[in-house]
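Trainee: Compute the structure for the input listed below.
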Amino acid sequence: MQHIHDNPDGDLSLDALAEVAAMSRFQWHRVFRAMTGETSAQAVRRVRALRAAQWLVSTDWSVEQIAVRAGYGTLRGFNRSFRELYGMTPSAYRRVGNPGAVQVLLRRGGRDMHDVRIEERPSLRLAALGHTGPYIKAGRTFEQVSAIFTARDLWPQARGMVGVYYDDPGSKPEGELRADAGIVVEPGFPIPDGLHEVLLDRGPCAVLRFKGPYSELHTAYDYLYGEWLPQSGREPAERPPYEVYLNTPRDVAPQDLLTEICAPLVPVAVSAE
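Mentor: Numbers count the residues shown, from 1 in each chain. Now for the predicted structure:
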């Protein structure tokens, strides 16, 4: 999975990936599907489309350039594959996915992102792997954490997947952004070698449930911190926001992904009267 994320425009055929994994073609196909729940071809298709979606909304590269960089042999193939996953052509996605355009839709109520609830969230303990770099590339780190749990048969002890994001993407260069990709575990669970423990405190959070591709999550953050929070009368706590993933790209199409963005808040003081 790390090789796929790092080389979206490379040779990611079954034979090439089997060689990277030092397995026979037959062994590789069976092992990969057993460990990830998808074929390597499905994983390649998903990662390439995710990378292309991010480039469509964050660069001014032409659709043809993005198709090449994302590893598609032809523009026609890119259009077809992207439409199957995202429900629209790359050009249409660029128009709708552009941050400015999405903000207009938000103000007009065109996106179901206004439902923010204040909830008392429980403390969480994560077995996590650190990520440094653009947040859109954190999927690679989550794949690594998942692989550790799969290889060691630890999923029966898992209680969900959470990402903790320590930096505002606009506050520093993308290459310096810090995050933790974690799996929720019980207090007595031994943290596997290669992972570290992350503790999230119990407390009130503003919770926004977002439905859609991960490449559009930045619009939800813009609304939560830029519009909802200033009007809420609440103050953000000195703790990083975190995301709770209610499903995964392996289970549903990108437009059906469900993510809870949890922004910790300063508790409201209780009157002594």
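Trainee: secondary structure class for E243?
Mentor: Here E243 is recorded as strand under DSSP: H, G, I helix; E, B strand; the rest coil.
Trainee: tell me which residues form a beta bridge with it?
Mentor: Beta-bridge partners for E243, by DSSP bridges, are G163, I261.
Trainee: ok, it - contacts?
Mentor: By Cβ atoms under 8 Å, 6 or more residues apart in numbering, E243 lies in contact with 162-163, 165, 217, 259-262. For every residue, glycine as well, the C-beta is placed using N, CA and C.
Trainee: Spell out for me which residue occupies the centre of the protein.
Mentor: Taking Cα atoms, centre = their mean, the centroid of the chain lies closest to Y214, which sits 5.0 Å from it.
Trainee: Let me know whether it touches G139 as I believe.
Mentor: Yes: here Y214 reaches G139: they are 7.3 Å apart, a contact under Cβ atoms under 8 Å.
Trainee: who touches both of those two?
Mentor: Residues within reach of Y214 and of G139 at once, by Cβ under 8 Å, 6+ apart, are 50, 249.
Trainee: Going by residue numbers, what spans are helices in the protein?
Mentor: Assigned helices in the chain, in chain order: 2-6, 14-20, 25-36, 40-58, 63-69, 75-86, 90-97, 99-107, 139-151, 217-223, 229-232 (criterion: DSSP state H).
Trainee: What are the buried residues along the fifth one?
Mentor: Looking back up the chat, that one is helix 63-69. For helix 63-69, the neighbour count (16 or more other Cβ atoms under 10 Å) marks 63, 66-67, 69 as buried.
Trainee: Redo these as TSV? Include distance to E243 and pLDDT.
Mentor: As requested, those are exported to TSV (distance: Cβ to Cβ, whole Å; pLDDT from 0 to 100):
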residue	distance to E243	pLDDT
V63	29	94
I66	26	93
A67	29	93
R69	27	91
